[in-house]
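Enquirer: pasted the sequence and its predicted model underneath.
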Amino acid sequence: MTVPYKDFGDNRWRVLADYSDCYVRHAMELVYECIAEDVPYNVVSDYLDADTNKHSDNVVCIGTRKTSALIAQFISSDEVPSHGFLVKVGVSPFNENRQVVWLVGDDPVATIYASSHFVHQYLPQARQRKDHIPYFRKLFVDPLPKYIFSPSLQFKCNTLTTRPKRP
């Protein structure tokens with residue numbers, strides 16, 4: 001059941017991404033589906049831009065420093081390793097009562113790795129509570145635990161090439 005926007009309160013999540021790149025769009029879809037499973041409202045996805053009026057909700061920002069002025073404004077080049085990605089969960093710079101998740105890649109392909117790490121590594125760990133009361137945290141309803149992870153990938157591009165068979 002989907003609850004109307006005004007009835008849920010002000011603890012909503014919004015997914016922001018640069019739709020111009022197919023890899024970033026795929027990364028956004030992965031995160032969007034994961035959040036939509038855990039919340040009783042329609043998750044809003046929007047274009048990642050510098051209009052901070054849109055960012056009064058909790059936000060997930062997905063993209064690269066090269067293609068997004070908003071990401072470049074808040075994430076330094078030192079935080080994202082060469083051929084790597086950054087997953088950072090913390091207090092929102094737009095509103096101190098909200099949270100922001102930064103999924104930033106050095107290139108568009110690395111954003112998929114950042115989103116995959118967030119969905120498959122961070123969220124299962126974040127769901128578990130250490131105090132065991134209750135055993136599992138309600139993700140995207142309760143505050144997410146702070147987190148920073150920024151590895152460098154061991155390869156620049158994963159490609160498969162074929163050559164035609166010569167007679």
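Expert: Sure thing, it's come through.

Enquirer: ok, now which ones touch residue 13?
Expert: Neighbour list for residue 13: 35, 39, 43, 57, 58, 59, 60, 140 [criterion: CB atoms under 8 Å, 6 or more residues apart in numbering]. (C-beta placed from N, C-alpha, C; glycine too.)

Enquirer: what's the closest non-adjacent residue to the first one?
Expert: Read that as residue 35. Leaving aside its chain neighbours, residue 35 sits nearest to residue 43 (5.1 Å; criterion: CB to CB, 6 or more residues apart in numbering).

Enquirer: can you get me a residue count around the one you found?
Expert: Residue 43 is flanked by 20 other residues according to other CB atoms under 10 Å.

Enquirer: swap in the one 4 residues further on?
Expert: Applying other CB under 10 Å, we find 12 other residues in the vicinity of residue 47.

Enquirer: report pLDDT for it.
Expert: Here, the pLDDT recorded for residue 47 equals 83.

Enquirer: return the helix or strand in the protein with minimum mean pLDDT.
Expert: Using mean pLDDT, DSSP states H and E, the weakest-scoring helix or strand in the chain turns out to be helix 5-8, at a mean of 42.

Enquirer: need the next SSE after that one, C-terminal direction.
Expert: Beyond helix 5-8 on the C-terminal side, the first helix or strand identified by DSSP states H and E is strand 13-17.

Enquirer: show me the helices in the chain, by range?
Expert: Per DSSP state H, the chain carries helices over the ranges 5-8, 22-38, 69-74, 108-117, 123-127.
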